[in-house]
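**Q** sequence and computational prediction follow.
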Amino acid sequence: MARQPRLELPGIAQHVVQRGVNRQACFAAESDYGNYLQELAEAAAKHACAVHAYVLMTNHVHLLVTPQAIGEVSRMMQAIGRRYVGRFNARYARTGTLWEGRFKAALVGSARYALTRTF
């Protein structure tokens with residue numbers, strides 16, 4: 001079955017969640033968090049996404065992101081995945097995916113949503 005298109009609106013914030021495959025760690029050392037944030041900053045700048053907040057948990061990531069154009073959040077997440085996962089796999093002598101399927105994203109319609117929403 002074909003993937004459903006994501007609902008994306010320029011200038012509207014999105015709550016993005018990406019989980020480690022099988023709930024495994026996607027950050028194994030303190031430096032991994034810094035590497036991910038570096039990749040996030042570079043990808044966000046390249047793909048015109050404002051990152052308002054982030055939470056990096058051991059096995060998943062939450063981001064609050066506002067894109068300037070449709071499709072930019074997906075392109076940003078793809079860029080992070082290519083670079084961060086490649087470095088992570090090389091560092092820990094592993095292969096394969098790090099993330100569990102596609103990232104999840106929901107439009108943020110209000111400040112109340114941003115303060116109370118969980119996936």
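**A** Alright, I've got the coordinates.

**Q** hey, let's count contacts and neighbours off CA atoms from now on
**A** Will do.

**Q** and the longest helix anywhere in the chain, how far out from the chain middle?
**A** Counting residues, the longest helix found in the chain (DSSP state H) is helix 72-91. Distance of helix 72-91 from the chain centroid (CA atoms, centre = their mean, to the nearest Å) equals 9 Å.

**Q** how many neighbours does Arg23 have?
**A** 13 (other CA atoms under 10 Å).

**Q** so what's the closest residue to it other than its chain neighbours up against?
**A** Closest residue in space to Arg23, ignoring its immediate chain neighbours: Asn59 at 5.8 Å, by CA to CA, 6 or more residues apart in numbering. Residues near Asn59 by CA atoms under 8 Å, 6 or more residues apart in numbering: 19-20, 23-27.

**Q** next: Gln68.
**A** Going by CA under 8 Å, 6+ apart, Gln68 touches 10-11, 48-49.

**Q** one step back: distance of the residue nearest to Arg23 relative to Ala45?
**A** According to CA to CA, to the nearest Å, Asn59 stands 25 Å off from Ala45.

**Q** repeat for Phe27
**A** 23 Å.

**Q** neighbour count: those two, which is higher?
**A** Applying other CA under 10 Å to Phe27 and Ala45 shows that Phe27 carries more neighbours, namely 20 against 13.

**Q** show the pLDDT at the more buried one.
**A** What the model reports for Phe27 is a pLDDT of 97.

**Q** now do the SS call for it.
**A** For Phe27, the assignment made with DSSP: H, G, I helix; E, B strand; the rest coil gives coil.
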